[in-house]
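> Structure here, sequence nowhere to be found:
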């Protein structure tokens with residue numbers, strides 16, 4: 001007879017709140033802990049719920065150790081959602097850029113590695129050399145300091161795939177234009193304005209779906225990687241395959257300004 005079961009929604013709660021790994025070892029440990037508690041109830045003929053509830057799972061395993069990544073909106077200029085690939089799978093990351101009156105200094109924070117720092121420098125230099133494309137006066141860059149931040153500073157971050165997010169974030173800050181709703185992006189950029197392919201596409205797509213993302217900007221050369229992924233994982237997602245920064249901006253940046261837009265002059 002069936003003495004104990006875990007409903008699908010409770011299992012999902014356990015996976016999201018108590019495991020963060022590429023395999024299932026930690027999940028196996030959490031389920032074993034639940035089973036041991038239930039086995040004790042059965043052995044001592046104590047009353048218990050044969051169908052595990054979310055509340056009971058929390059009582060046994062404790063409060064969630066991990067918070068599920070969620071899309072937090074792009075309501076402010078310079079706030080962009082990127083997609084990252086880590087040892088534990090795909091994740092979303094936020095890139096924030098703010099401007100303050102100064103002399104053109106660039107500050108990078110968020111425990112960024114050398115490659116990620118170079119992406120930010122590259123993005124700013126590209127914008128400076130193509131300012132007219134975005135109706136930005138060249139002298140503006142000497143009047144404002146630029147601060148680029150990637151939250152969760154305790155976690156080291158590196159890699160080239162945040163290049164497009166850095167580019168979009170800095171451009172949005174200087175133009176005060178909105179970024180498309182529920183939009184995320186991944187890709188490397190070059191000083192010539194190319195958008196290059198990156199790895200971990202399946203993991204990034206799964207992270208986007210978990211976070212409620214619907215639109216993804218990605219390198220044209222990654223199209224084959226996307227098409228190799230089972231359609232069940234791609235369902236509900238709209239992909240824009242871009243070859244250069246101009247195509248990227250056409251997709252991710254809206255013509256409208258953000259509410260309470262900062263006057264840049």
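Noted; the coordinates are in hand. Please read these numbers as outputs of a predicted model, since none were measured by experiment. Numbering: from 1, shown residues only.
> where along the stretch 151-265 of the chain do the strands fall?
Listed in chain order, the strands found in the stretch 151-265 of the chain under DSSP state E, counting those that start in this stretch are 177-179, 183-185, 188-189, 195-196, 215-219, 238-242, 253-257.
> name the helices or strands packed onto the last one?
It refers to strand 253-257. helix 163-175, strand 177-179 (3 or more C-beta pairs under 8 Å, 6 or more residues apart in numbering; DSSP states H and E). Bear in mind the C-beta positions are built from the backbone N, C-alpha and C, glycine included.
> For stretch 38-51, which residues meet the burial criterion?
When burial is assessed from 16 or more other C-beta atoms under 10 Å, stretch 38-51 yields the following buried residues: residue 38.
> ranking the strands of the stretch 151-265 of the chain by burial, who's on top?
Stretch with highest mean neighbour count among the strands of the stretch 151-265 of the chain: strand 183-185 (a mean of 29; mean count of other C-beta atoms under 10 Å).
> Tell me which residues are up against that strand.
71, 74, 80-83, 92, 164-165, 168, 208, 211, 213-218, 248, 251-252 (C-beta atoms under 8 Å, 6 or more residues apart in numbering).
> From the residues you listed, keep the buried residues only.
Buried subset of the contacts of strand 183-185 (neighbour count, 16+ other C-beta under 10 Å): 71, 74, 80-83, 92, 164-165, 168, 208, 211, 213, 215-218, 248, 251-252.
> Helix or strand: which one has residue 31?
Per DSSP states H and E: residue 31 is located in helix 25-43.
> by contact count, what packs against the worst-scoring helix or strand of the chain on mean pLDDT?
Every helix and strand of the chain was ranked by mean pLDDT, DSSP states H and E. The lowest is helix 8-18, at a mean of 83. Where contact means 3+ C-beta pairs under 8 Å, 6+ apart, helix 8-18 is packed against helix 25-43, helix 54-61.
> circling back: if we compare the helices and strands packed on strand 253-257, which one ends up closest to residue 194?
Of all the helices and strands packed on strand 253-257, helix 163-175 sits nearest to residue 194, with 10.1 Å by C-beta to C-beta.
> Give me the average confidence score over the closest one.
On average, the pLDDT along helix 163-175 is 97.
> on that earlier part again, please work out which residues outside the least confident helix or strand of the chain touch it.
Against helix 8-18 from outside (C-beta under 8 Å, 6+ apart): 6, 26-27, 30-31, 52-54, 57, 61, 63-66, 68.
> do stretch 135-142 as well
So stretch 135-142 is in contact with 103, 104, 124, 127, 128, 131, 132, 174, 175, 264, 265, going by C-beta under 8 Å, 6+ apart.
> what about that stretch, start to end distance?
Stretch 135-142 has an end-to-end distance of 16 Å (C-alpha to C-alpha, to the nearest Å).
> Could you report the distance from the residue nearest the centre of the chain to residue 64?
Centroid check for the chain by C-alpha atoms, centre = their mean gives residue 92 as the closest residue, at 1.6 Å. Residue 92 is 18 Å from residue 64, where distance means C-beta to C-beta, to the nearest Å.
> What of residue 230?
28 Å.
> So these two - more neighbours on which side?
Using other C-beta atoms under 10 Å, the more surrounded residue of residue 230 and residue 64 is residue 64, with 13 against 8.
> Spatially nearest residue to the more buried one, not counting backbone neighbours?
Spatially, and ignoring its direct neighbours in sequence, residue 64 is nearest to residue 17 (3.1 Å; C-beta to C-beta, 6 or more residues apart in numbering).
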